[in-house]
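Next come a sequence and a model predicted from it.
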Amino acid sequence: MNVDKMGIYVSIAVMVAVLGIVGILSGEFDLGLTSETKIPQITSSTNTDIQRNAFYEWCYKMNLEC
């Protein structure tokens, strides 16, 4: 009889864990773990000139001649 009760408890715990993980991953629940920073949407028309000048900007901030 104790094995039957343990099986019921284990299956309920597994069910709650699976449903909890699926619920959190669905995005319906906000846990407040997201930061305020927004990632910009990169499209084909996005200006990416900053990437080419990153090395020179680093040299400028480090007071080096590159």
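Thanks, I have the structure now. Numbering: from 1, shown residues only.

so where is the protein shaky, pLDDT-wise?
1, 27-37, 45-52 (pLDDT under 70).

let's see it at 90
1-5, 19-66 (pLDDT under 90).

Would you map the helices across it?
With DSSP state H as the criterion, the chain has helices at 2-26, 49-52, 54-61.

closest one to K38 among the ones you listed?
Evaluated over those, closeness to K38 peaks at helix 49-52, with 16.9 Å, by CB to CB. In short, each C-beta sits where N, CA and C put it, glycine included.

Tabulate the helices of the chain (a markdown table), appending distance to P40 and mean neighbour count.
Listed next are the helices of the chain as a markdown table, based on distance: least, CB to CB, whole Å; neighbours: other CB atoms under 10 Å:
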| stretch | distance to P40 | mean neighbour count |
| --- | --- | --- |
| helix 2-26 | 24 | 10 |
| helix 49-52 | 11 | 8 |
| helix 54-61 | 16 | 10 |
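
which one of these lies closest to Q41?
Between the helices of the chain, helix 49-52 lies closest to Q41; by CB to CB that is 15.6 Å.

In a markdown table: the helices of the chain, plus distance to I39.
Output for the helices of the chain, formatted as a markdown table (distance: least, CB to CB, whole Å):
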| stretch | distance to I39 |
| --- | --- |
| helix 2-26 | 19 |
| helix 49-52 | 15 |
| helix 54-61 | 18 |
